[in-house]
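Visitor: Predicted model and sequence follow; I will ask about them next.
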Amino acid sequence: MVKVKVGILGATGAVGQRFVQLLADHPWFEVAALGASDRSAGVRYRERRWVLQPDMPVAVRDMELRLGEPDNFRDCQVIFSATPNDVAARVESEFAAAGYYVFTNAGPHRMDADVPLMITDVNPEHAPLIRVQQRQRGWSGFIVANANCTATHLTSALKPLHDAFGLEKVFVVSMQAVSGAGYPGVSTMDITDNVIPYIGNEEPKLEEEPRKMLGRLNGDGIEHADFIMSAHCNRVHVLDGHMECVSVALRRKATPEEAVEVFRSYRSLPQEMGLPSAPDPCIVVRDEPDRPQTRLDRMAGNGMATVVGRIRRDPILDLKFVALGHNTIRGAAGGSVLNAELLFQQGYIR
Ligand code: NAP
């Protein structure tokens, strides 16, 4: 099979390196080009610092980093974007207008009415919004966005509850890893022996993105789900993995045992289709009273699953639980790759 050629924008960063790692032996996609800033353009990839284990894949070591502009990626069809927001806001539309299929991890387009904000296990039925986007913008390419990394795992955990019982209110407190701030990210002096109770612009994202993803595709737009969200976001001294303590009020009351059952039995299109990066199960339920734990559970499903546990009654709302997931794998690069796998199989990528 001839593989689809892909380019990675922001390939030297925390998310970009995950893309390089996850795509190294991909059965359908092949990394053909790597992009970065003008500080890096022209430099061989191996000359930049690689922060993951195992070592940098051999196939990319001698690739020359390119400036992230459409004309420099003519040998690619798919673009995985992991650039800072200001860059994404400028270049991603240019790529899509030039015919590239853009999968973005950045924030600027997530809430655009005609951009699917997709977690493949949660709302694959939003994919047809791509055709609305192409029609309205006159593009042959498209932009599909990933959710914010914390919103990804929260929404994955909320989806089975919303389907089974209906959500009325959601209250969440996050404990987010330092890799969520990119590389080199938060300074050691700031985060050692510390919890920082503020992550710029994170709470609004967590309060609005789940409602779009759990909404319904209706004609040319998404009807956002009708529940109230309140979020507190904290940066903690953990390398990878975002933990979230969640309380929910449900429209139809449920016991913790019923909630466990809907979490355990949840399956979606990626599992049915057997997509290469799909975790199965996509939600892992832990029964131990002290799980999930960040270090022990973040790699569940190769970092692609959401782990839930401590599912119990909440005396203020109805139920409470803990959710955990890997931020740069499922919460970023892996989430984009799985979206691309689905859309490739469905014929959106030619
Ligand atoms: P990062 O580690 O700071 O990496 C940023 C990347 O963008 C680097 O490759 C950098 O290249 C490149 N870049 C910087 N300025 C640029 C410019 N002017 N033009 C072109 N490229 C430029 O950031 P990150 O954590 O990987 O985040 C990337 C994106 O993913 C952000 O939008 C972020 O919000 C989003 N995201 C991150 C996470 C996470 O857990 N980290 C999760 C979900 C979404 P140089 O090496 O040349 O500077």
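Guide: Sure thing, it's come through. Quick caveat, the model's predicted, so the values are computed rather than measured.

Visitor: Which parts of the stretch 101-250 of the chain are helices?
Guide: Assigned helices in the stretch 101-250 of the chain, in chain order: 129-137, 149-165, 188-191, 202-213 (criterion: DSSP state H, counting those that start in this stretch).

Visitor: Out of those helices, which one sits most buried?
Guide: With neighbours taken as mean count of other Cβ atoms under 10 Å, these reach their highest mean count in helix 149-165, at a mean of 25. All C-beta atoms are positioned from the backbone trio N, CA, C, and that covers glycine.

Visitor: any idea of the mean pLDDT in it?
Guide: Averaging pLDDT along helix 149-165 gives 98.

Visitor: is it anywhere near the ligand?
Guide: Yes: shown here: helix 149-165 in contact with the ligand (Cβ under 6 Å from any ligand atom) through Cys149.

Visitor: now that helix, how far from the chain's geometric center?
Guide: Offset of helix 149-165 from its chain centre (Cα atoms, centre = their mean, to the nearest Å): 13 Å.

Visitor: Put together TSV for the helices of the stretch 101-250 of the chain, with distance to Ile329 on each row.
Guide: What follows is the helices of the stretch 101-250 of the chain, written out as TSV (distance: least, Cβ to Cβ, whole Å):
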stretch	distance to Ile329
helix 129-137	24
helix 149-165	9
helix 188-191	21
helix 202-213	18
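
Visitor: Between those, which one is closest to Val246.
Guide: Between Val246 and those, the tightest spacing by Cβ to Cβ is seen for helix 149-165, at 6.7 Å.

Visitor: helices and strands around that closest one, which ones?
Guide: Based on contacts counted as 3 or more Cβ pairs under 8 Å, 6 or more residues apart in numbering; DSSP states H and E, the elements that helix 149-165 packs against are strand 167-176, helix 202-213, strand 242-250, helix 256-265, strand 283-285, strand 306-313, strand 319-325.

Visitor: Deepest-packed of these, please.
Guide: For these, average neighbour numbers computed from mean count of other Cβ under 10 Å are highest in strand 319-325, which has a mean of 25.

Visitor: List the buried residues for the helix or strand just after that strand?
Guide: Sequence-wise, the next helix or strand downstream of strand 319-325 (DSSP states H and E) is helix 334-345. Residues of helix 334-345 classed as buried by neighbour count (16 or more other Cβ atoms under 10 Å): Gly334, Gly335, Ser336, Val337, Leu338, Asn339, Ala340, Glu341, Leu342, Leu343, Phe344.

Visitor: how much does helix 334-345 deviate in direction from helix 149-165?
Guide: Helix 334-345 runs at 60 degrees relative to helix 149-165, counting by axes from the mean of the first three to the mean of the last three Cα atoms, to 10 degrees.

Visitor: Do any residues in helix 334-345 lie close to the ligand?
Guide: No: counting by Cβ under 6 Å from any ligand atom, the ligand is not contacted by helix 334-345; separation bottoms out at 8.1 Å.

Visitor: hmm, who's touching that helix?
Guide: Residues lying outside helix 334-345 but in contact with it, judged by Cβ atoms under 8 Å, 6 or more residues apart in numbering, are 4, 6, 18-19, 22-23, 26, 28-29, 78, 80, 101, 103-105, 118-121, 124, 127, 130, 144, 146-147, 152, 269-270, 273, 275-278, 302-304, 326, 349.

Visitor: Among those, the buried ones, what's the ChimeraX command?
Guide: Only the buried entries of the contacts of helix 334-345 go into this ChimeraX selection, using 16+ other Cβ under 10 Å:
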select :4,6,18,19,22,23,26,28,29,78,80,101,103,104,105,118,119,120,121,124,127,130,144,146,147,152,269,270,275,277,278,303,304,326,349
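
Visitor: packing partners for the helix or strand harbouring Gly16?
Guide: Assigned by DSSP H and E, Gly16 falls within helix 14-23. Identification of packing neighbours for helix 14-23 by 3+ Cβ pairs under 8 Å, 6+ apart yields strand 4-9, strand 29-36, helix 334-345.

Visitor: count of residues packed around the nearest residue in space to Met304 that is not next to it in sequence?
Guide: Once flanking residues are discounted, Met304 sits nearest to Pro279: 3.9 Å by Cβ to Cβ, 6 or more residues apart in numbering. The local packing of Pro279 (other Cβ atoms under 10 Å) involves 23 other residues.

Visitor: Provide the secondary structure category for Pro279.
Guide: Using DSSP: H, G, I helix; E, B strand; the rest coil, the structure places Pro279 in coil.

Visitor: What residues does it make contact with?
Guide: By Cβ under 8 Å, 6+ apart, the contact list for Pro279 reads Asp121, Ala300, Gly301, Asn302, Met304, Ala305, Arg330.

Visitor: Pro57 now?
Guide: By Cβ under 8 Å, 6+ apart, the residues touching Pro57 are Val20, Gln21, Ala24.
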